[in-house]
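K.L.:
Build me a structure from this.
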Amino acid sequence: MDKRHSEAIGRLKIQYGTSMAYPLSSMGAHVSSIPNHQVGRTAPLQTISNAAYFGVFGYELDPWALSEEECKVIKEQIKVYKRHRRLITQGTFYRLLSPFEKNETAWMAIDAKREHALVGWYQLLSRPNKVCLRLKLVGLDEMAVYFVEELGQRFTGSELMNIGLTLTPPHKTGQDFNIAEKYDFSSQLFTLTKEISSSWIMTLRIRSKTRSLLQLLRISGAHQSDLRGCAVNIAHIFGCELNVHCA
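P.N.:
Have a look, this model is predicted:
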């Protein structure tokens with residue numbers, strides 16, 4: 001990657017294009033000074049780091065010029081990168097939104113077992129009265145449940161891949177819509193962790209359908225032994241313990 005370009009917003013295209021031929025572990029992606037010493041652009045420190053995470057993370061600035069608050073933020077950024085370093089450098093990288101085509105850029109990395117994922121979304125210029133933005137993910141286990149740390153919510157892999165993550169900030173009571181949390185060069189990072197496996201969800205669905213079937217048989221006047229035998233046969237077919245009460 002062209003390391004002469006240390007400015008995060010301009011480097012989004014470089015990182016996106018370079019990833020088509022080279023792994024993230026080969027890209028130098030550093031957090032530079034604000035305003036950037038090459039192009040003079042002022043971007044949020046959080047956005048600069050969110051872009052730099054997806055590469056060989058580092059800093060290219062004068063630490064003595066940092067404020068106490070910025071030093072605290074940088075300490076947290078380093079913790080974030082160390083936590084996800086193996087996922088970023090060894091996981092599967094997916095390009096979601098191209099900076100060559102849209103006002104937004106997005107990508108994600110996911111591990112081989114599809115248990116952990118890190119998603120990055122970046123916006124160039126803020127726009128007024130935008131429609132609800134959603135980011136569809138890829139590569140997840142569609143039958144599993146994932147916890148999204150930054151949202152404090154859980155979604156199935158199918159929801160995240162077919163409906164997507166909501167990017168539009170929620171409307172707050174008493175807040176003017178026109179001054180919602182919007183600004184140029186904004187970004188969001190999402191951390192996904194699988195909580196429930198696809199096999200467990202399948203078991204739950206089988207249990208639910210089995211209960212419905214047994215209820216219909218009970219209503220139709222089936223004998224108690226027939227109900228219990230039906231439950232045992234279903235459990236045998238699907239290879240799981242249903243624990244369905246026939247009484």
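K.L.:
From here on, just use CA atoms for contacts and neighbour counts.
P.N.:
OK.
K.L.:
what stretches of this structure score poorly on pLDDT?
P.N.:
1-6, 33-40, 42, 129-130, 169-181, 197-247 (pLDDT under 70).
K.L.:
In it, where's the longest strand?
P.N.:
Ranked by number of residues, the top strand in the chain under DSSP state E is strand 187-196.
K.L.:
Go through it and flag the buried ones.
P.N.:
Residues of strand 187-196 classed as buried: 187-194 (neighbour count, 16 or more other Cα atoms under 10 Å).
K.L.:
Run me through the strand neighbours of that strand, direction for each.
P.N.:
strand 116-123 (antiparallel), strand 145-148 (antiparallel) (DSSP bridges).
K.L.:
Just put the buried residues of strand 187-196 in TSV and tack on distance to Ala109.
P.N.:
As requested, the buried residues of strand 187-196 are exported to TSV (distance: Cα to Cα, whole Å):
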residue	distance to Ala109
Ser187	16
Gln188	14
Leu189	12
Phe190	11
Thr191	10
Leu192	10
Thr193	12
Lys194	14
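K.L.:
Name the nearest of these relative to Lys113.
P.N.:
Lys194 (9.7 Å; Cα to Cα).
K.L.:
The closest residue to Gln77 other than its chain neighbours: neighbouring residues, count only.
P.N.:
Spatial nearest neighbour of Gln77, chain neighbours left out: Ser49 (7.0 Å); criterion: Cα to Cα, 6 or more residues apart in numbering. Using other Cα atoms under 10 Å, Ser49 has 24 neighbouring residues.
K.L.:
from memory Ser49 sits against Leu12, does it?
P.N.:
No. Using Cα atoms under 8 Å, Ser49 makes no contact with Leu12, being 11.9 Å away.
K.L.:
ok, back up a step: now what about the longest strand of the chain, what contacts it?
P.N.:
The contact list for strand 187-196 (Cα atoms under 8 Å, 6 or more residues apart in numbering) reads 46-47, 50, 114-123, 144-150.
K.L.:
What remains of those residues if I keep only buried residues?
P.N.:
So, by 16+ other Cα under 10 Å, the buried ones in the contacts of strand 187-196 are 46-47, 50, 114-123, 144-148.
K.L.:
Strands of this protein, start to end?
P.N.:
Under DSSP E, the chain gives strands at 28-32, 56-60, 92-97, 104-110, 116-123, 134-135, 145-148, 153-156, 165-166, 187-196.
K.L.:
If you count neighbours, what's buried in the first one?
P.N.:
For strand 28-32, the buried set under the neighbour-count rule, 16+ other Cα under 10 Å, comprises 28-32.
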